[in-house]
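Asks: Quick one, structure for this:
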Amino acid sequence: MKRALIKWATAVLLLLASIFALSFLKNDEYVSEYVFARGVSREYLKAVSTLTSLLPFSLYEALATAAVVGAIVFLVGLIKRLKRKQYALAVKKILSVAALALCFILLYNATASFSYGRSPMSLEIGRQKPDAGQVYDAALYFMQDFNELGQSFERDGEGNIIPPYSFSKLSDVIREEFSRLDGDYFGPALKAKPMLYSKLMSYLGFSGIFMSITAEPNINADIPPSQLPLVMAHEMAHSAGVMREGDANLLSYFLLLSSRDGYLRYSAYMSTFGQMLTAVYHACGQQNMDELNAIYSPLIRKESSNNRQYWIRHENFTNTISDFFNDLYLKLSGVKSGTGSYTEPGEWEVIDTGEEDEEGNPIFEIYYSDIQYIYFDIYRKLSI
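Replies: Below you'll find the model as predicted:
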């Protein structure tokens with residue numbers, strides 16, 4: 001028994017040392033980018049996804065379920081051994097379980113964590129600052145497209161759109177969008193899987209989870225249908241090597257807003273169009289924003305309200321707990337802003353100059369967000 005304890009203790013120490021060594025290597029951007037993000041991680045994901053993509057269910061969920069059941073069995077067995085004063089057996093069992101858990105942590109570090117420390121993501125987004133008239137014209141153009149799309153979909157009795165694609169087809173459509181990306185920075189977007197425990201994920205506040213160990217973007221299939229494409233694109237972005245949450249959101253907005261597919265654009269509009277109204281207010285004044293709000297489709301307003309109510313219904317104390325651990329995980333991964341990084345693509349700055357225009361509106365110095373520049377750049381290219 002003593003020899004077995006030494007063996008398991010040694011294994012645990014070696015695994016801990018390996019995890020520590022990888023954590024040290026993550027500080028090197030070159031290693032993170034070229035050895036792991038474009039090398040080890042990408043090749044691992046390609047190989048594993050060829051197998052897991054064939055499964056009609058989420059292997060991640062199956063393993064997570066097995067882990068929960070296994071943890072219960074382990075604790076019951078541990079308590080029994082302690083009651084019987086079988087301390088050596090209890091320690092051996094603890095060490096063996098610790099070794100197994102550390103193996104999964106080590107594998108996750110090698111296949112996902114390095115992508116948090118890789119080089120900055122670069123997208124072909126023009127940064128030409130528009131004047132007030134261009135801001136209004138762009139907002140009007142996208143508002144009209146948004147409204148027309150809102151009229152084009154079938155809707156259920158609650159006013160939510162009925163997705164034009166099956167889950168599997170939508171996954172294929174979005175993967176095709178990723179093929180538009182140039183360069184070697186991005187890996188292939190992997191097939192998305194609907195989660196069996198989607199309702200539970202909503203109560204935990206999760207709309208999706210990418211698990212590199214099983215090479216699966218796992219999607220909460222219970223979320224509002226107008227949010228589904230954007231969430232799927234976000235988790236696929238992770239599978240393509242874009243692990244930082246702000247980058248994954250930015251890439252999703254970029255692909256969906258510039259897509260020719262109406263369902264994808266509609267999903268992106270639902271999450272981002274408020275940025276254009278804000279841009280119009282600061283660049284053009286309250287009256288121009290009110291003009292746009294006046295033509296906002298009531299169908300879209302209703303669905304937007306439904307989306308908010310969906311998440312309000314699922315709010316509970318577990319949301320706070322899951323947010324805490326997600327924030328901690330991101331910070332430990334090197335993302336200083338933690339969960340605040342999700343909203344970074346939408347951050348802009350407005351400085352009141354203290355001056356007024358001829359109509360009495362305040363004049364602002366505006367530093368537009370990445371999302372707003374995506375809109376401006378798409379409109380500029382369409383206008384050429």
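Asks: shaky segments in this structure?
Replies: The model of the chain has pLDDT under 70 over residues 1.
Asks: Strands of that one, residue ranges please.
Replies: 193-194, 208-211, 216-219, 349-356, 362-367 (DSSP state E).
Asks: Let me see the domain layout of the chain.
Replies: Domain segmentation of the chain under automatic domain parsing yields 2-117, 132-383.
Asks: quick one, which of the ones you listed is nearest to residue 123?
Replies: Minimum separation from residue 123 across these (Cβ to Cβ) falls at domain 132-383, 5.4 Å. Backbone N, C-alpha and C define where each C-beta goes, glycine included.
Asks: circling back to that earlier point, how about the strands of the chain, which one is nearest residue 382?
Replies: strand 362-367 (21.9 Å).
Asks: can you give me the angle the closest one makes with strand 349-356?
Replies: On the basis of axes from the mean of the first three to the mean of the last three Cα atoms, to 10 degrees, strand 362-367 is oriented at 150 degrees to strand 349-356.
Asks: Tell me the strands beside strand 362-367, with direction?
Replies: Strand pairing for strand 362-367, determined by DSSP bridges: strand 349-356 (antiparallel).
Asks: ok, residues contacting the partner strand?
Replies: 282, 362, 363, 364, 365, 366, 367 (Cβ atoms under 8 Å, 6 or more residues apart in numbering).
Asks: May I have that strand as CSV, with CA atoms only?
Replies: Taking Å, rounded to 0.1, in the frame of the first residue of the first chain, the C-alpha atoms of strand 349-356 are listed here in CSV:
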residue,chain,number,x,y,z
GLU,A,349,-16.0,57.3,-25.4
VAL,A,350,-18.0,60.6,-25.8
ILE,A,351,-16.5,63.9,-24.6
ASP,A,352,-18.8,66.9,-24.3
THR,A,353,-17.0,69.8,-25.8
GLY,A,354,-19.2,72.3,-24.1
GLU,A,355,-20.2,73.8,-27.4
GLU,A,356,-23.6,73.7,-29.3
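Asks: The most centrally placed residue in the chain and residue 165, how far apart?
Replies: The centre of the chain sits closest to residue 234, judged by Cα atoms, centre = their mean, with a distance of 4.0 Å. For residue 234, the distance to residue 165 equals 17 Å [Cβ to Cβ, to the nearest Å].
Asks: Report the contact partners of residue 180.
Replies: Contacts for residue 180 were tallied using Cβ under 8 Å, 6+ apart; they are residue 255.
Asks: and with 6 Å instead?
Replies: Contacts for residue 180 (Cβ atoms under 6 Å, 6 or more residues apart in numbering) come out as none.
Asks: next one: phi and psi at it?
Replies: Dihedral pair for residue 180: phi -80, psi -10, per degrees, to the nearest 10.
Asks: ditto for the one 4 residues further on
Replies: Phi and psi for residue 184, reported as degrees, to the nearest 10, are phi -100, psi 0.
Asks: And for it, nearest residue in space, chain neighbours not counted?
Replies: What sits nearest to residue 184 in space, not counting adjacent residues and going by Cβ to Cβ, 6 or more residues apart in numbering, is residue 38, at 6.4 Å.
Asks: what do you get for residue 202?
Replies: residue 314 (4.5 Å).
Asks: quick one: the residue nearest to residue 184 from residue 15, how far?
Replies: Distance from residue 38 to residue 15, by Cβ to Cβ: 26 Å.
Asks: same question, residue 168
Replies: Plainly put, residue 168 is 38 Å away from residue 15 if you go by Cβ to Cβ.
Asks: Look at the two and report which has more neighbours.
Replies: residue 15 (18 against 13; other Cβ atoms under 10 Å).
Asks: what sits against that one?
Replies: By Cβ under 6 Å, 6+ apart, the residues touching residue 15 are 102, 106.
Asks: Name the residues of stretch 299-315 that come out as buried.
Replies: For stretch 299-315, the buried set under the neighbour-count rule, 16 or more other Cβ atoms under 10 Å, comprises 299, 300, 303, 304, 306, 307, 310, 314.
Asks: Stretch 30-45 now?
Replies: 31, 32, 33, 36, 37, 38, 41, 42, 44, 45.
Asks: List just the nearest of those residues to residue 2.
Replies: Distances from residue 2 to the buried residues of stretch 30-45, taken by Cβ to Cβ, are shortest for residue 44, at 37.2 Å.
Asks: Now the closest one: closest residue in space that isn't a chain neighbour?
Replies: residue 111 (5.0 Å).
Asks: My guess is the one you found contacts residue 42. True?
Replies: No. Shown here, residue 111 and residue 42 do not form a contact pair, counting by Cβ atoms under 6 Å, at 9.2 Å.
Asks: and the gap between the residue nearest to residue 202 and residue 223?
Replies: Per Cβ to Cβ, residue 314 is found 10 Å from residue 223.
Asks: Repeat that for residue 306.
Replies: Counting by Cβ to Cβ, the gap from residue 306 to residue 223 is 11 Å.
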